[in-house]
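Enquirer: Dropping a prediction and its sequence here:
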Amino acid sequence: MTPSTTETPELRKPAILAVDDDPDVSATLDHDLSRRFAADYRIVVARSAEAGVQQVQQLRDQGVDVALVIAGWRLRGMSGIDLLIAAHRLHPDARRVLLITYGDAASADTAIAAARALGQIDCYITKPWASPEEWLYVTLTERVRDRGRLGPCGPWTRPTSPTTSHSPRR
């Protein structure tokens with residue numbers, strides 16, 4: 001897509017796409033992401049895996065740069081990891097964050113470790129979050145910041161702040 005005089009500033013912003021089929025989580029994501037990131041990013045929230053895949057395709061077809069894709073781990077129709085893999089094929093520079101339910105962290109450990117080792121996700125965060133300022137904003141801000149600082153070998157070539165339990169070691 002080439003810029004035109006009729007194109008709105010909103011369409012020129014890079015996008016943050018969040019996908020979760022839990023209506024409460026989707027609404028919270030929409031609210032929290034808009035509150036923190038809407039000034040700089042186009043916020044797109046899909047409420048199903050199918051809608052998420054369609055949004056990934058539509059954003060690519062529109063020439064929209066996708067900065068970040070967030071997906072729930074247990075989506076109806078496909079796993080969040082599979083959705084993030086599909087998003088990566090169309091938007092290889094987008095950072096990928098997996099949302100897992102707090103109680104699923106132990107059972108998801110092997111799948112998350114494998115996905116991280118294979119470069120399919122960049123990190124995960126647990127839901128629900130009590131305060132977006134404590135976990136959500138910090139983690140997502142780090143991901144979009146790191147996106148602009150990629151080296152030739154990928155996203156984790158530059159040492160930064162100490163790791164937390166939910167981000168990969170650098």
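Expert: The structure has been received and is ready for your questions.
Enquirer: Give me the pLDDT value at the closest residue to Leu75 other than its chain neighbours.
Expert: Among residues not flanking Leu75 along the chain, Ala49 sits closest, at 4.0 Å (C-beta to C-beta, 6 or more residues apart in numbering). (C-beta placed from N, C-alpha, C; glycine too.) Looking at Ala49, its pLDDT is 96.
Enquirer: Also Glu133?
Expert: 90.
Enquirer: low-scoring stretches of this structure, by residue?
Expert: Residue ranges of the chain with pLDDT under 70: 1-11, 105-106, 148-170.
Enquirer: for it, what's the longest helix?
Expert: Across the chain, the helix with the greatest residue count (assigned by DSSP state H) is helix 23-37.
Enquirer: Which parts of it count as buried, going by neighbours?
Expert: Residues of helix 23-37 classed as buried: 25-26, 28-30, 32-33, 36-37 (neighbour count, 16 or more other C-beta atoms under 10 Å).
Enquirer: which stretches of this protein form strands?
Expert: For the chain, the strands defined by DSSP state E cover 15-19, 42-46, 66-72, 74-75, 78-79, 95-101, 123-127.
Enquirer: Let me have those strands in JSON lines, adding mean neighbour count and distance to Leu140 as columns.
Expert: JSON lines is the format used below for the strands of the chain (neighbours: other C-beta atoms under 10 Å; distance: least, C-beta to C-beta, whole Å):
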{"stretch": "strand 15-19", "mean neighbour count": "26", "distance to Leu140": "8"}
{"stretch": "strand 42-46", "mean neighbour count": "21", "distance to Leu140": "11"}
{"stretch": "strand 66-72", "mean neighbour count": "26", "distance to Leu140": "6"}
{"stretch": "strand 74-75", "mean neighbour count": "18", "distance to Leu140": "19"}
{"stretch": "strand 78-79", "mean neighbour count": "17", "distance to Leu140": "21"}
{"stretch": "strand 95-101", "mean neighbour count": "23", "distance to Leu140": "7"}
{"stretch": "strand 123-127", "mean neighbour count": "20", "distance to Leu140": "8"}
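Enquirer: Okay, Asp40 and Arg76: tell me how far apart.
Expert: With distances taken as C-beta to C-beta, to the nearest Å, Asp40 is found 31 Å from Arg76.
Enquirer: likewise His91?
Expert: 23 Å.
Enquirer: Likewise for Ala94?
Expert: In terms of C-beta to C-beta, Ala94 sits 23 Å off from Arg76.
Enquirer: Tell me who's in contact with Lys13.
Expert: 40-42 (C-beta atoms under 8 Å, 6 or more residues apart in numbering).
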